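Asker: here are the coordinates; sequence isn't available:
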């Protein structure tokens, strides 16, 4: 599949910066938050992220023994669900070495054998058609080039395989949107500073959600990447959305 050329600049929250700078800053940011990442996920979502992830993996349609690639795998919680609940064979990819170290440790603690690869989503080191499904949970916003990353994930799917994207979105109700804005820009950075000592990282999180493509635009991008039957489903009033599509046969 033809790769999209890298943009001359890209978003880092509300900033526009060079792609190389974003890659370095995202990697540094997630290395820094890795020690408290799981705790912060529980605190910020009140534990709802666990329900969102369970709903997302059900969209993969995986059967026991099939291969799944989890991109932007972080500490591996989505991959562990894919293995434990669906019986999949998981491969994890993330650009942050510290995140992957924690993922490996968590997988070992649960007796799960899985390959962990430090790589960017825009340059996945796998042959075409290597996986029955590809997942990405709360990571697409951090890609340096979303269109190139979508193209790479689609390339790695076998024909008929499914890409499932779990990502923050935009609340549909105006009142919920105002409440969510206050929560995101006021409480999240404060919690990030108090608990993880990384207030700026969680300020970036709030900004990156706001500049993420809306649902319809993401569906268009998925189709451009070579996927069909692309759909989405909102959760928690549109705070989160699950998108999925199938690689063309």
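Answerer: Sure thing, it's come through. Here the structure is a predicted model, which is why all the values come from computation and not from measurement.

Asker: which regions of the chain lie under the pLDDT threshold?
Answerer: Across the chain, the ranges flagged by pLDDT under 70 are 1-8.

Asker: and the residue nearest the centre of this protein?
Answerer: Nearest to the mean C-alpha position of the chain, by Cα atoms, centre = their mean, lies residue 139 at 2.4 Å.

Asker: tell me the contacts of that one?
Answerer: 71-74, 121, 167 (Cβ atoms under 8 Å, 6 or more residues apart in numbering). Every C-beta, even on glycine, is put in place using the N, C-alpha and C of the backbone.

Asker: want to throw the residues you listed into a markdown table with neighbour count?
Answerer: Shown next, in a markdown table, are the contacts of residue 139 (neighbours: other Cβ atoms under 10 Å):
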| residue | neighbour count |
| --- | --- |
| 71 | 28 |
| 72 | 25 |
| 73 | 27 |
| 74 | 24 |
| 121 | 25 |
| 167 | 22 |
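
Asker: from these, which is closest to residue 177?
Answerer: residue 167 (16.6 Å; Cβ to Cβ).

Asker: show the contacting residues for the residue lying closest to residue 44 once chain neighbours are set aside.
Answerer: In this structure, residue 44 finds its nearest non-sequential neighbour in residue 188, 6.1 Å apart by Cβ to Cβ, 6 or more residues apart in numbering. Shown in contact with residue 188 (Cβ under 8 Å, 6+ apart): 44, 202-203, 205-206.

Asker: the same query, at a cut-off of 10 Å, please.
Answerer: 40, 43-44, 199, 201-203, 205-206, 209 (Cβ atoms under 10 Å, 6 or more residues apart in numbering).

Asker: that one: which element?
Answerer: Residue 188 is part of helix 188-196, with elements assigned from DSSP states H and E.

Asker: after that helix comes which helix or strand?
Answerer: Next along from helix 188-196, by DSSP H and E: helix 199-211.

Asker: against which helices or strands is that next one packed?
Answerer: strand 10-12, strand 15-17, helix 19-33, helix 37-45, strand 157-168, helix 174-182, helix 188-196 (3 or more Cβ pairs under 10 Å, 6 or more residues apart in numbering; DSSP states H and E).

Asker: point out the most buried one among those.
Answerer: strand 157-168 (a mean of 21; mean count of other Cβ atoms under 10 Å).

Asker: residues contacting residue 153?
Answerer: Contacts of residue 153 by Cβ under 10 Å, 6+ apart are 69, 71, 93, 121-122, 124, 131, 134-136, 140, 143, 161, 163-165, 222, 225-227, 247.

Asker: actually residue 78, not the one I typed
Answerer: Residue 78 sits in contact with 49, 52-54, 56-57, 68, 70-72, 90, 92, 103, 135-139, 164, 166, where contact means Cβ under 10 Å, 6+ apart.

Asker: the residues you listed in strands, which ones?
Answerer: 68, 70-71, 90, 92, 135-137, 164, 166 (DSSP state E).

Asker: any chance of those residues in JSON lines, with distance to residue 10 too?
Answerer: Formatted as JSON lines, the ones in strands among the contacts of residue 78 follow (distance: Cβ to Cβ, whole Å):
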{"residue": "68", "distance to residue 10": "27"}
{"residue": "70", "distance to residue 10": "23"}
{"residue": "71", "distance to residue 10": "17"}
{"residue": "90", "distance to residue 10": "28"}
{"residue": "92", "distance to residue 10": "24"}
{"residue": "135", "distance to residue 10": "23"}
{"residue": "136", "distance to residue 10": "17"}
{"residue": "137", "distance to residue 10": "21"}
{"residue": "164", "distance to residue 10": "24"}
{"residue": "166", "distance to residue 10": "22"}
